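1. Following is a predicted model, sequence given first.
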Amino acid sequence: MPSKNPSVGEALRAASQTLKKNGIEDHRFEAEYLLAFILKIKRHELFLRPDRVLSAAEGRLLSAYVKKRSLREPLQYITGETEFRGITFKVSRAVLIPRPETEILVDEAIKAAPAGAFIALDICAGSGCIAISLAKEVPLCRVFATDISKDALTAARENASVAGVEERITFLEGSLFDPLKTLDLEGKAALILSNPPYVSTEEMKKLPQEIKGFEPRSSLWGGADGLRFFRRIVKDAPKYLIGKGRLIMEMGYGQAAGVRKIIEASGEFTGIEVKKDLSGIERIISATRVMPSSKKAKGRMRGSFHFPA
Ligand code: GLN
């Protein structure tokens, strides 16, 4: 970088070059993203005043960020925030960075939401992006959100409070449904939502350094075949769902057939639907809880069904 303070245009060129040299594919976009964040302006506003000179502090910050990014730290951890369904979420290395494909899960949840007041569960809530955007977009819902990580819950609570929905979400620490056991929620949830860890051992090895080196392993790894958490969620979800309640989960590339099988094998669900993400990958799977009465009838015919207490 030149010794005198650079202009926006000069700083962008230098930052972009350094990122390019370090193998960052979208180097120009990322340089703009980082500088706009530092200057607290929108990216396009950089071009309204390309001659504006950076202060020494701004220049130092840009160099520091470019260095972090060159070491493959995701942009969102560097800036400490990301957008999800129009809401700004704080993100730290304690939480998985909310992904655009998870927005589709929220779409499906909103479509399946009952008209009146209802209860939703968010299992493996992480940053809280699912629970919080649902609470924000559907005012009559009450959400119980669980996560095994205390640090993730701290981040999620803060995000809920910034979004102004903290009174309608209860965040609970523990594995999957465990922290809900004492809350008398059985048979009461209209929606169960989850973006569980689903990366298989084999796929973990292939993840880009941005993910592998920075995002929490506990929010990525889904056991040897990546399906461990789907098995556990599908096993416990029926107990918590009301009749016709809907289970909606995010899954990874190539997992749709496996997850469908797990859901079908449980015998507790009907109406399985799979939605693709913007890359055409089957990403979101939804299934409706069989009405206890219709199930009972079917079970009687087969003579093998035990009606849950
Ligand atoms: N979508 C994440 C990825 O890019 C995985 C998230 C998850 O396991 N739930 O690998």
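-> Sure, I can see it.
2. okay, CA-based contacts and neighbour counts for the rest of this
-> Fine.
3. Nearest residue to R246 in space, please, no chain neighbours.
-> T288 (4.4 Å; Cα to Cα, 6 or more residues apart in numbering).
4. ok, stretch 89-103 near the ligand or not?
-> No - using Cα under 6 Å from any ligand atom, stretch 89-103 stays clear of the ligand, with a minimum separation of 6.7 Å.
5. Just the terminal-to-terminal distance for that stretch.
-> 13 Å (Cα to Cα, to the nearest Å).
6. chain center to that stretch, what's the gap?
-> 5 Å (Cα atoms, centre = their mean, to the nearest Å).
7. Mind listing residues that contact that stretch?
-> 76-77, 80-85, 126-127, 129-130, 151-152, 155, 159, 195, 214-216, 219, 250, 277-278, 283 (Cα atoms under 8 Å, 6 or more residues apart in numbering).
8. What distance do you get for R228 to the ligand?
-> Remark: distance between R228 and the ligand (Cα to the nearest ligand atom, to the nearest Å) = 11 Å.
9. ditto for A117
-> 28 Å.
10. hmm, back to that, list the contacts of the residue nearest to R246.
-> 244-247, 269-272.
11. same thing with S175?
-> 124, 146-148.
12. How about V66?
-> Contacts of V66 (Cα under 8 Å, 6+ apart): 15, 18-19, 31.
13. now swap in T18 and tell me
-> Per Cα under 8 Å, 6+ apart, neighbours of T18: 66, 70.
14. Can you tell me the element it falls in?
-> Using DSSP states H and E, T18 sits within helix 8-21.
15. Tell me which residues of that helix come out buried.
-> Burial within helix 8-21, assessed by neighbour count using 16 or more other Cα atoms under 10 Å, is assigned to 8-20.
16. now swap in stretch 69-83 and tell me
-> In terms of neighbour count (16+ other Cα under 10 Å), stretch 69-83 has its buried residues at 69-79, 81-82.
17. How about stretch 92-104?
-> Under 16+ other Cα under 10 Å, the buried positions of stretch 92-104 are 92-98, 101-104.
18. Pretty sure I242 sits in a strand.
-> Yes - assessed by DSSP: H, G, I helix; E, B strand; the rest coil, I242 belongs to a strand.
19. Is it in contact with L121, as I believe?
-> No - applying Cα atoms under 8 Å as the test, I242 and L121 come out as separate, 11.9 Å apart.
20. list residues touching both of those two?
-> Going by Cα under 8 Å, 6+ apart, residues that sit against I242 and also against L121 are A189.
21. who has more neighbours, these two?
-> When I242 and L121 are compared for neighbours, L121 comes out ahead with 29 against 22, by other Cα atoms under 10 Å.
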